[in-house]
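# Task: produce atomic coordinates for the following.
(chains A and B)
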Amino acid sequence: MTTTLIETPRTSVAVAASMRGGTKTYGHGDAEVRALDGIDVDVATGEFTAIMGPSGSGKSTLLHTLAGLDRLTAGQSWIGDQELSRLSEDKITQVRRDKIGFVFQAFNLIPSLSARENITLPLDISGRRVEQAWFDEVIGILGLGDRLTHLPAELSGGQQQRVAVARALVARPELIFADEPSGNLDSRSGGELLAFMRRAVTDFGQTIAMVTHDPTAASFADRVLFLADGRIVDEMRDPTAELVLDRMKQMGH
Amino acid sequence: MFRLAAKSVRHNPKRLILTAFAVALGVGLIAATHIFTDSLDRGFTRLFGEIYDGVDVIVEPITDGGEVGDPTSGDSVAKNLDDDAVRIAQDAAGVDLAMGATEALGALIGTDGETLSGGSGFGPPTLFFNWTGVEDFDSATLLDGRAPEADDELVVDVDTAEQHGLAVGDQVVVGGAEGTYPSTVVGIATWGDSNNTQGATLVWTSLDRVRELGGGDGWTVIHVRVDDGADAEAVAAAIDTALPEGARALTGAAKAEEQAESLGEALKAVDIFTLAFAFVALFVGAYIIANTFRIIVTQRTREFGLMRAVGVKGQQVRTMVLGEALLIGIVASVTGILMGYALAGGIIWLLKALGPGESFAAPIIPLDAIIWGFAVGILVTLASALLPAIHASRISPMEAMREAAVQNRRGLTMRNIVGGALALTGAGLTTVGLYAGLDRPYVYVGAGAVLLVLGVTLLAAQLLVPLAFGMRDLLTRIWRVDGKLAANNIHREPRRSANTAAALMIGVMLLALTATVTQTVKAVANDAIGGQFTADLMVVSTTVPGSPDQSVVDELASVAGVETVTRSASLDARVDGVKIPVTVLDTATAEEAIAYETEPSFSEIDGGVFVSPSAIEAGAEVGDTVTLVGEEGEISLEVTGTYPNSGDGDYFVDFAQAEQLGSPIDVWQYSIVAESGADLDQVRADLEDLVATEYPLLTVQSPDDMLELANQLIDLMLAVITALLSGALVIAVLGVANTLLLSVTERTREIGLLRAVGSRRRSVRRMIRIESVVMSLFGAILGIVLGVALGVALIRALEEFGFDTVAIPWGMLAIYTVLAIVAGIVAAWWPARRAAKMDVLEAIAFDG
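Numbers count the residues shown, from 1 in each chain, chains lettered A, B, ... in the order given. Prediction:
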């Protein structure tokens, strides 16, 4: 398989997030590390995009800069049609609050808040009302109905991650970023979690971008981007675990 | 282990800075007190040496009990020496010259009638000495002019001359209790080498004038010069044996030493008073240290678990934590002592710059400041770190394997039991003190209060949980998620929050207690002066009590519009050999001026004596006969009535009876009732004219003036105590800041997560600020409740001294509450900044 650089022009149609010439460096001079090296990428609306790559490939940095958690050294990125590099810290926070949902690998929940309070946290922060029907539907799908009053410490790892996904979904964000959401789970709980995420995309048209190094996790996505040394080196549509694994092996992972 | 401890401190000094500073502040207060009084002590010791330099031996009067009377305090227990004593001293072997000297209090008045010094008011005294003309005996050295040679000539000290622009040849008026005397300044002198008079005005004039001013017959002291080569001590001993009872002889050096010693005693009292506040500050500091170490141990649970896993013994972990505490204690003590030196030095410098600081010697750090500083600083730190250290030593190696620091879920049961027991015992003791009618109830109330505070501190953890939760809904409604999370955070670590709040509670409690007591004192004073004083005006003596001379009464009564003049006076007498204070009144007219609540009225005293509750306690009963023994007579009187409270004198008699005792009667007040319809302003103006010319030591006041003065004094007391407590309050606020800072570090990920899902920096700051304000407010309110309760308890315990009402200082309490909110905001400043500046990515990084 040949390496294809994706050089598509940025289109405003059906793109939830995008980046052009995204560069991120750490340190100076000899110690300079180029985590992102001129990345162009579009995350299509209503798709489940997986970002894969070996350790140090820059996949987490890509996620963080796309999501407005971190700033690019050079280049531009957009959430919807809002360009993040032009925005103040407060404005970026507002974008995150209103348009983005997050699922992290661990420590997704505020320990002192119950599951329900954690799920409605982004809505509470922005003072939006909870849509009860939607809330109930999400809770029903994720099977959290009888866990809502529990504190995170009283939930299993899988349940905690499902609460995190519920939190991301309930606010109806334009885009959910997930960083190794199943990384800390056993394979059964991990599989269930990813199936829920898949369903959110298929059934509700939710856009999800997920960083992972697990080919099985990537196989739940519509499209996989392969990162190496801060560049996107390949992409794959309708992946299977085997195909992804093969591709990773080629990359020397 | 100690090296590990040192490394740990060096590795993470930030979290210990505030802790060390809290200890240093407390130590600083202790050191400053020692340095301050040491400097004063050395200054005065030098001064006394100067004063008695050149006087070989002095002879002075003493009381029957062997006490030295202080002639400047108006204390007339020691009688003056007579000429026989001078003769005895002169005749003793080895004596070259013996000479009597006397002194009196008076006033110095300008020719325009304006009082320059002395007279009314509470300023330093104006002392008149007789000029002996013997260089060694006169404490003054002339700088300008000559010695006084006539009754109307005088020498003033150089600072007074400078202050009032007096020069040789100027005319002044000398004022005494009995009249005024125009005089001429003939000389300016210095007292000792430095004219260090503590602000007092010193005047030297003729012997007769000093005696007229109230020096009386005889001598207040006899100065003795010994022959060349004679041993002063031997001469002093010889004179002493020859003297009759009521006098003693000693060397000038011994007298200087004695005075320095008695000053040292007085300074010790000052020390104890200030140190009490320093200890309150350290007590508050101890909460903070304990809290800091508790939090640090929790944060390092994995580290300690790992150490245990690789084979470090629990005991070694404990030693390590205590080693850190020891290091902090040492650093904080050194810092504290230096801060104390800077503080004391600063105050001394300020006092010197403002004038009254001349008696201070250059401040040094005395050994006891160092010993106390180190001992207290290190002990407090170690003791506070002990429980957290023990807790650390019990961490199991398994903790190293855990995913994240597991919350400390130990129950509060033990804490509640101990706290409850302490609080109950404290409340019980207080109640016993109040109602059991034991001797000295305030001892029980005081001890009960301390236990109650400790108990409530422990219980605060339990009280705080429902409070924080009760407030959660309210906070959520006002500040949404920020408020909810703040309430959750307080609730999550009840122990930590409670200790933090308790530190503030103690400071605020003492403030509220003081405010309640002072407010009540004000109310009682208002009642007494406003309610009881039916007199229109008072002529009072604020420096030298007058003699019970009828002529003063007659002159005051002769002022147009004055209907009644009635005197209040006091004297000392003995009953059954015990010295007791006797109040002397014009009983026939006393009640026209002051509504005494005696039973029956004073006008029915019938030549007998009224007794106060404390005299009744001592055994006097209505119908009994008591014998009062005075200096030159005794009288047996029937107890014909009772006076309602203690503290105003034990026995009450009329002047007719008092004069038979032959003891000096000190008249301190003439109460004046004006004729109905008289123009009070005019009466007052006339009275003022009269006293200004005739009795410069008296001053005219209205009941309102007295009230105002009393209120000013009470406010001053409140201000002084507040200032002394401010150290403890600053430490408490530091404690709130420290706890928040540590808990922000602990919650790094949580805050990062909040930021990631859309909380703005502002919002994070607000969350910390709400947490801080709620904790501060809780501490302040608990402190106010306790302080007012204890204040009320204390007042009830003092009921027999006339504290029959309780006044709650609502205004001050409101101010304290507002200040607590401000303190909360201030304390949150740094932690909130830190939380808001936290890097989101770092905060959500998996390996933290």
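# only C-alpha atoms for contact and neighbour calcs from this point on.
Fine.
# quick one: contacts for B:Tyr596?
Applying CA atoms under 8 Å, 6 or more residues apart in numbering or on different chains to B:Tyr596 gives the contacts B:Gln532, B:Phe602, B:Tyr643.
# repeat for B:Asp41
Taking CA under 8 Å, 6+ apart, one finds B:Ala260, B:Leu263, B:Gly264, B:Leu267, B:Phe360 in contact with B:Asp41.
# so where does it fall, helix or strand?
helix B:14-52 (DSSP states H and E).
# Next SSE downstream of that helix?
strand B:57-61.
# relative to strand B:57-61, how tilted is the helix or strand that that next one is followed by?
Per DSSP H and E, the first helix or strand lying C-terminal to strand B:57-61 is helix B:83-91. Calculated by axes from the mean of the first three to the mean of the last three CA atoms, to 10 degrees, helix B:83-91 forms an angle of 160 degrees with strand B:57-61.
# quick one on the thing from earlier: narrow the contacts of B:Tyr596 to those in strands?
Residues of those located in strands (DSSP state E): none.
# Mind putting those into CSV with distance to chain A, neighbour count and pLDDT?
Shown next, in CSV, are these (distance: CA to the nearest CA, whole Å; neighbours: other CA atoms under 10 Å in any protein chain shown; pLDDT from 0 to 100):
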residue, distance to chain A, neighbour count, pLDDT
B:Gln532, 62, 17, 73
B:Phe602, 73, 27, 86
B:Tyr643, 65, 24, 87
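# Near chain B, which residues of chain A? Just list them.
For chain A, the contact set with chain B under CA under 8 Å from any CA of the partner chain comprises A:64, A:69-70, A:90, A:93-98, A:100-102, A:105-113, A:121-122, A:124-127.
# Which of the residues you listed fall within helices?
A:64, A:90, A:93-98, A:121-122, A:124-126 (DSSP state H).
# sorry, back to before: and the residues of chain A next to chain B, which of them are buried?
Among the residues of chain A next to chain B, those buried by neighbour count (16 or more other CA atoms under 10 Å in any protein chain shown) are A:64, A:69-70, A:93-98, A:100-102, A:105-113, A:121-122, A:124-125.
# Select the longest helix from chain A.
helix A:187-204.
# So for that helix, what gets flagged as buried?
Residues of helix A:187-204 classed as buried by neighbour count (16+ other CA under 10 Å): A:Ser189, A:Gly190, A:Gly191, A:Leu193, A:Leu194, A:Phe196, A:Met197, A:Arg198, A:Ala200, A:Val201.
# what does the next helix or strand after that helix contact?
Using DSSP H and E, the helix or strand that follows helix A:187-204 towards the C-terminus is strand A:208-212. For strand A:208-212, the surrounding residues in contact (CA under 8 Å, 6+ apart) are A:43, A:46-53, A:59-60, A:63, A:175-181, A:183, A:201, A:218.
# three-state assignment of the nearest residue to B:Val186 once chain neighbours are set aside?
Using CA to CA, 6 or more residues apart in numbering or on different chains and skipping the chain neighbours, the partner closest in space to B:Val186 is B:Val168 (5.0 Å). Secondary structure, DSSP: H, G, I helix; E, B strand; the rest coil: B:Val168 is coil.
# Quick one: residues contacting B:Val168.
Here B:Val168 is in contact with B:Asp144, B:Gly145, B:Thr184, B:Val185, B:Val186, B:Gly187, B:Ile188 (CA under 8 Å, 6+ apart).
# pLDDT wise, what is B:Arg10 at?
Here, the pLDDT recorded for B:Arg10 equals 67.
# Take the contacts of strand A:208-212 and keep only those in strands.
Short answer: the contacts of strand A:208-212 in strands (DSSP E) are A:Val43, A:Phe48, A:Thr49, A:Ala50, A:Ile51, A:Met52, A:Leu175, A:Ile176, A:Phe177, A:Ala178, A:Asp179.
# gap between the most centrally placed residue in chain B and B:Ser726?
Geometric centre of chain B, nearest residue: B:Phe273, 6.2 Å, by CA atoms, centre = their mean. As for B:Phe273, its distance to B:Ser726 is 15 Å (criterion: CA to CA, to the nearest Å).
# can you check B:Thr516 too?
18 Å.
# Who has more neighbours out of the two?
Using other CA atoms under 10 Å in any protein chain shown, the more surrounded residue of B:Thr516 and B:Ser726 is B:Thr516, with 28 against 17.
# Check for me that the more buried one belongs to a helix.
Yes. According to three-state DSSP, B:Thr516 belongs to a helix.
# who are the neighbours in contact with it?
Per CA under 8 Å, 6+ apart, neighbours of B:Thr516: B:Gly787, B:Val788, B:Gly791, B:Val792, B:Val806, B:Ala807, B:Ile808, B:Pro809.
# Can you tell me the SS state at whatever residue of chain B ends up closest to chain A?
Across chain B, the shortest distance to chain A (CA to the nearest CA) belongs to B:Gly758, at 3.9 Å. Assigned by three-state DSSP, the conformation of B:Gly758 is coil.
# quick one: it and A:Arg96 touch, right?
Yes. Judged on CA atoms under 8 Å, B:Gly758 makes contact with A:Arg96 at a distance of 5.4 Å.
# about what we covered before: check the offset of the longest helix of chain A from the chain's centre.
13 Å (CA atoms, centre = their mean, to the nearest Å).
# Can you report the mean pLDDT over the residues of that helix?
In this model, helix A:187-204 has a mean pLDDT of 91.
# Just the residues contacting it, thanks.
A:46-48, A:141-142, A:158, A:161-162, A:165, A:182-183, A:206-208, A:217, A:220-221.
# OK, contacts around the residue in chain A positioned nearest to chain B?
Residue nearest to chain B within chain A: A:Arg97 (3.9 Å; CA to the nearest CA). Each residue near A:Arg97 by CA under 8 Å, 6+ apart is listed here: A:Pro122, A:Ile125, A:Ser126, B:Ala756, B:Val757, B:Gly758, B:Ser759.
# Could you check the pLDDT of it?
Per-residue pLDDT puts A:Arg97 at 86.
# by contact count, what packs against the helix or strand containing B:Phe778?
Per DSSP H and E, B:Phe778 falls inside helix B:761-797. Helices and strands touching helix B:761-797, by 3 or more CA pairs under 8 Å, 6 or more residues apart in numbering or on different chains; DSSP states H and E, are helix B:413-435, helix B:441-492, helix B:494-526, helix B:703-746, helix B:748-756, helix B:810-837.
# Pick the most deeply packed of these.
For the helices and strands packed on helix B:761-797, the largest average neighbour count (mean count of other CA atoms under 10 Å in any protein chain shown) is found in helix B:494-526, namely a mean of 26.
# On the C-terminal side of it, identify the next helix or strand.
strand B:537-541.
# Show residues contacting that following strand.
The contact list for strand B:537-541, computed with CA under 8 Å, 6+ apart, reads B:120, B:667-674, B:684, B:697-703.
# Give me every residue in the stretch 1-150 of chain B lying close to chain A.
So the stretch 1-150 of chain B never meets chain A (CA under 8 Å from any CA).
# where in the stretch 1-150 of chain B is pLDDT low?
Applying pLDDT under 70 to the stretch 1-150 of chain B picks out residues B:1-4, B:9-15, B:63-79, B:113-114, B:118-123.
# Among the contacts of strand B:537-541, name the ones in helices.
B:Arg684, B:Pro703.
# List the ones among the contacts of strand B:537-541 that fall in strands.
Cross-referencing the contacts of strand B:537-541 against strands under DSSP E gives B:Val667, B:Trp668, B:Gln669, B:Tyr670, B:Ser671, B:Ile672, B:Val673, B:Ala674, B:Leu698, B:Thr699, B:Val700, B:Gln701.
# Is residue 101 bridged to anything, and to what?
Because you didn't say which chain, this covers chain A. Counting by DSSP bridges, A:Gly101 forms beta bridges with A:Ile176.
# Can you look at chain B instead?
B:Val221.
# hang on, isn't it packed against B:Val134?
No. With contact defined as CA under 8 Å, B:Ala101 does not reach B:Val134; the gap is 11.1 Å.
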